[in-house]
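S.K.: Task: produce atomic coordinates for the following.
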Amino acid sequence: MRFDFSHHPDAPCFREHVFSWKGRYWCKGCVLSLLGLIAGVGLQLTTGWLNHFSEEILGGIFLALVVPTALTSWLDANRPTKHLARFLLGVGLASALMTFFITDRWEVRLILVLAFFGIRIPLEQRRRRQNEEILKQSKAEKARAGKVRNSQSSRAKRSR
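M.R.: Here you go, the predicted structure:
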């Protein structure tokens with residue numbers, strides 16, 4: 001298997017974070033965010049909903065779409081909840097990106113850019129720390145299992 005389309009390390013402890021398709025691993029959260037992004041673009045193209053709200057109201061909507069991702073990360077939510085949050089993140093990202101080009105207010109554009117990086121950077125750092133911790137725990141469990149096997153095999157050799 002190849003991890004070309006997943007930012008998670010190639011380790012068995014990350015199997016629940018990815019799915020395999022056509023011999024490649026794909027990050028579930030990223031795929032769901034991409035699907036949300038596509039849905040967000042589709043929603044705007046079919047309904048034009050962004051044009052019906054002020055930028056201030058849209059800001060609240062974007063926040064409501066992004067907050068679940070942060071909450072599920074910090075509260076260690078279950079997988080289906082995290083998947084829904086990643087989908088909503090994609091919808092929010094698509095909507096914010098389209099608003100960036102629709103609005104004629106530069107302060108709104110600035111707020112969107114600052115919010116994007118203000119949310120993305122801490123979440124990315126947290127994700128890296130979590131991946132490192134999961135990998136560290138997995139290695140420690142393997143080491144303990146190896147010690148148990150070694151001690152069992154040495155006892156078996158001594159009893160012969």
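S.K.: Spatially nearest residue to the spatially most central residue of the chain (excluding sequence neighbours)?
M.R.: Among the residues of the chain, the one closest to the centroid is residue 29, at 4.1 Å (CA atoms, centre = their mean). In space, and not counting its chain neighbours, residue 29 is closest to residue 86: 4.4 Å by CB to CB, 6 or more residues apart in numbering. Quick note: C-beta positions are derived from backbone N, CA and C, even for glycine.
S.K.: Let me know the secondary structure of residue 25.
M.R.: strand (DSSP: H, G, I helix; E, B strand; the rest coil).
S.K.: In the protein, where is pLDDT below threshold?
M.R.: The model of the chain has pLDDT under 70 over residues 1-14, 147-160.
S.K.: the helices in it, which residues?
M.R.: In the chain, helices defined by DSSP state H lie at 28-47, 55-74, 79-102, 106-159, listed in chain order.
S.K.: Please tabulate these in CSV, including the columns distance to residue 22.
M.R.: Formatted as CSV, these follow (distance: least, CB to CB, whole Å):
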stretch, distance to residue 22
helix 28-47, 13
helix 55-74, 27
helix 79-102, 21
helix 106-159, 24
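S.K.: So which of the ones you listed is the most surrounded?
M.R.: helix 79-102 (a mean of 19; mean count of other CB atoms under 10 Å).
S.K.: Check which helices and strands that helix is in contact with.
M.R.: In terms of contacts (3 or more CB pairs under 8 Å, 6 or more residues apart in numbering; DSSP states H and E), helix 79-102 is packed against helix 28-47, helix 55-74, helix 106-159.
S.K.: related to what we said a few turns ago, ok, the residue nearest to the centre of the chain touching residue 17?
M.R.: Yes. Counting by CB atoms under 8 Å, residue 29 touches residue 17, with 7.4 Å between them.
S.K.: still on that earlier bit, how close does the residue nearest to residue 29 sit to residue 73?
M.R.: 10 Å (CB to CB, to the nearest Å).
S.K.: Next: residue 127.
M.R.: For residue 127, the distance to residue 73 - CB to CB - is 8 Å.
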